[in-house]
Every structure is written in structure tokens, then in C-alpha cells.
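Colleague: Mind looking at a prediction? Sequence and model below.
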Amino acid sequence: MATLFTRIIDGEIPGTFVWKDDECVAFLSINPITTGHALVVPRMEVDHWIDLPDELCRHLMSVGRTIGRAQQEAFDSERIAMIIAGYEIPHTHLHVFPTTEMGQISFSHAAASVTPEELHASADRILEALATAS
């Protein structure tokens with residue numbers, strides 16, 4: 001059975017995408033730790049990130065860095081945090097999000113929900129920063 005993330009990638013479940021290529025996608029979290037929180041997800045279903053093929057692992061990190069730079073520009077954050085936990089969904093994913101202090105780096109701060117309008121507004125800011133960076 002396909003993971004939740006594969007179903008989002010395949011369009012069965014809506015997602016607010018800020019990146020798509022042949023190997024991975026990035027979409028905004030519906031439970032963001034901070035505004036602009038994105039998930040970088042390989043199209044290949046691999047449960048644990050240490051089991052990723054080397055080239056795909058490098059690509060995910062590169063895309064995560066690109067998204068992070070756009071987030072830093074879009075949200076004027078001091079740092080960009082990344083968490084690779086893997087307990088929530090058995091499909092590797094990088095949590096990449098803007099931060100202003102160490103205390104923000106916790107899933108306990110995740111929003112219970114956000115509106116589609118909030119997600120689209122955040123996505124527009126990231127997409128604009130990605131476009132100007134290219």
C-alpha cells in the first residue's frame with residue numbers, strides 16, 4: 001500500500017508543493033512548526049533515510065538546502081532548521097523550516113492545523129524566493 005506521502009505526490013491527496021523534480025518533491029506541512037515548514041520527500045518509498053541510495057540522499061540534501069535558502073529569504077529567519085525523524089510516516093522526509101531560536105526546534109510547537117489560504121500564502125513566498133534565486 002502506498003504511503004501517505006506517495007498519495008500526496010501522486011495527487012490523490014492535496015498538497016501545497018514548492019518543488020517537484022524527477023527524484024523528489026517538497027510540499028508544505030499541514031502541521032507546521034513555523035510558517036513555511038516544508039517536507040522534502042523522495043518519490044521512491046524508503047522508510048529510513050540511512051537506507052537511501054547515496055545519490056538520492058545527496059539530492060535530497062541539496063534540494064533541502066535550496067528550499068532552506070528560499071525560506072530564509074521569504075521569511076527573514078535567522079536560521080533554517082532541519083529534522084529527519086521518520087517516526088510519523090514510513091517514508092523518508094526532511095522537515096525544513098525557518099527558525100529564530102533553538103526553542104522552536106520541536107514537534108511540540110507544530111500547529112494542529114492551518115488553513116489552505118495560509119499554506120498558499122507561505123508557498124507563494126517560497127516560490128517567489130526560489131524564482132529570484134534562479
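Modeller: That came in fine, so what should we check first? Numbering: from 1, shown residues only.
Colleague: Now for the spatially most central residue of the chain: which residues touch it?
Modeller: The residue lying closest to the centre of the chain (Cα atoms, centre = their mean) is residue 39, at 1.8 Å. Neighbouring residues of residue 39 by Cβ atoms under 8 Å, 6 or more residues apart in numbering: 5, 26, 27, 28, 29, 93, 94, 95, 96. In short, each C-beta sits where N, CA and C put it, glycine included.
Colleague: And the closest residue to it other than its chain neighbours, how close does it get to residue 25?
Modeller: Computed as Cβ to Cβ, 6 or more residues apart in numbering, the closest residue to residue 39 that is not its neighbour in sequence is residue 93, at 4.7 Å. If you measure residue 93 against residue 25 using Cβ to Cβ, to the nearest Å, the figure is 10 Å.
Colleague: Quick check: the residue nearest to residue 39 touching residue 86?
Modeller: Yes: under the criterion of Cβ atoms under 8 Å, residue 93 makes contact with residue 86 at 7.4 Å.
Colleague: ok, the two, which is more surrounded?
Modeller: residue 93 (25 against 16; other Cβ atoms under 10 Å).
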